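1. the following block contains a protein sequence and its predicted model.
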Amino acid sequence: MAFLLDLLIRICIDLLVATVFGTMGDFGAGVILLTVFGIEWLYPIAFELGRRGATPGKQALGLRVVMDSGLPVTPAASFTRNLLRAADFLPLAYGFGIAALLLNREFKRLGDMAAGTLVVHHKPVLLHDAPPPAPPLAPSRLLALREQAAIRAWAGRARRLTPARFEELAQLATPVLPPAVAGQSASASERLLGVAQWLMGSRR
């Protein structure tokens, strides 16, 4: 699907250039040939070396190209994997490329095997979940930025820690906790969750 989307984009660009320059004789024909060549060979390389590491078709499907190590693709690797698309295409309709995909467990085509690259699913990583709801509580003193970040990170791990460990970590923040008030939760973790909500802007 990503390939088909990119193919459609390339065809649209080629048709647009052909429409504009098609009536300009030899000069127009030269521009069209250069454009078709450039779009065919430089289109994927330009996008893969960008910040997203993917062509528009891959971006639409949540894919990107990376090195086998997971690092961003290098210029040499991108050139290699795309130049070898010609070999993948042989003998017809990407026959060698499809055969290579089916014969190796990493599902690499020839270009990816030669370049040491992978096409992977790309999803943003959320380091922390949303903190559990709690009545906001102001800290007992002004907090440094690193302290605010630490409390926010702790609150975001509530669903990943056991209740005992969550409370144990909250005890480390006792010096900044507001005193327990009658009728309100007294445990350190519940009060620190209130501080986290206060730091996130809740004042109700």
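-> Cool, got the structure.
2. what does the helix or strand encompassing Gln197 contact?
-> If you go by DSSP states H and E, Gln197 is part of helix 188-199. Residues outside helix 188-199 that contact it (Cβ atoms under 8 Å, 6 or more residues apart in numbering) are 131-139, 143, 148, 151-152, 154-155, 158, 163, 166-167, 169-171, 173-174, 176-178, 180, 184-185. The C-beta positions use only the backbone N, C-alpha and C, and glycine is treated the same way.
3. narrow those to just the buried residues.
-> Buried members of these, counted by 16 or more other Cβ atoms under 10 Å: 131, 134, 136-137, 139, 143, 148, 151, 154-155, 158, 166, 169-170, 173, 176-178.
4. so which elements touch the top helix by length along the chain?
-> What stands out as the longest helix in the chain, according to DSSP state H, is helix 25-48. Under the contact definition 3 or more Cβ pairs under 8 Å, 6 or more residues apart in numbering; DSSP states H and E, helix 25-48 sits against helix 2-21, helix 75-83.
5. mind putting those in CSV, mean pLDDT and distance to Gly201 included?
-> Output for these, formatted as CSV (pLDDT from 0 to 100; distance: least, Cβ to Cβ, whole Å):
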stretch, mean pLDDT, distance to Gly201
helix 2-21, 94, 40
helix 75-83, 94, 43
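6. out of those, which comes closest to Ala54?
-> Nearest to Ala54, of all the helices and strands packed on helix 25-48, is helix 2-21, at 8.2 Å by Cβ to Cβ.
7. got the CA coordinates for the closest one in PDB?
-> The C-alpha trace of helix 2-21 is given here as PDB (Å, rounded to 0.1, in the frame of the first residue of the first chain):
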ATOM      1  CA  ALA A   2       2.800   2.400   0.800                       C
ATOM      2  CA  PHE A   3       4.500   1.600  -2.500                       C
ATOM      3  CA  LEU A   4       1.200   2.200  -4.400                       C
ATOM      4  CA  LEU A   5       0.600   5.600  -2.700                       C
ATOM      5  CA  ASP A   6       4.200   6.700  -3.500                       C
ATOM      6  CA  LEU A   7       3.700   5.500  -7.100                       C
ATOM      7  CA  LEU A   8       0.500   7.500  -7.400                       C
ATOM      8  CA  ILE A   9       2.300  10.600  -6.100                       C
ATOM      9  CA  ARG A  10       5.200  10.100  -8.600                       C
ATOM     10  CA  ILE A  11       2.800   9.600 -11.500                       C
ATOM     11  CA  CYS A  12       0.900  12.800 -10.600                       C
ATOM     12  CA  ILE A  13       4.100  14.800 -10.600                       C
ATOM     13  CA  ASP A  14       5.300  13.300 -13.800                       C
ATOM     14  CA  LEU A  15       1.900  14.000 -15.500                       C
ATOM     15  CA  LEU A  16       2.000  17.600 -14.200                       C
ATOM     16  CA  VAL A  17       5.500  18.200 -15.600                       C
ATOM     17  CA  ALA A  18       4.500  16.600 -18.900                       C
ATOM     18  CA  THR A  19       1.500  18.800 -19.200                       C
ATOM     19  CA  VAL A  20       3.500  22.000 -18.500                       C
ATOM     20  CA  PHE A  21       6.500  21.200 -20.700                       C
END
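8. perfect, that will be all.
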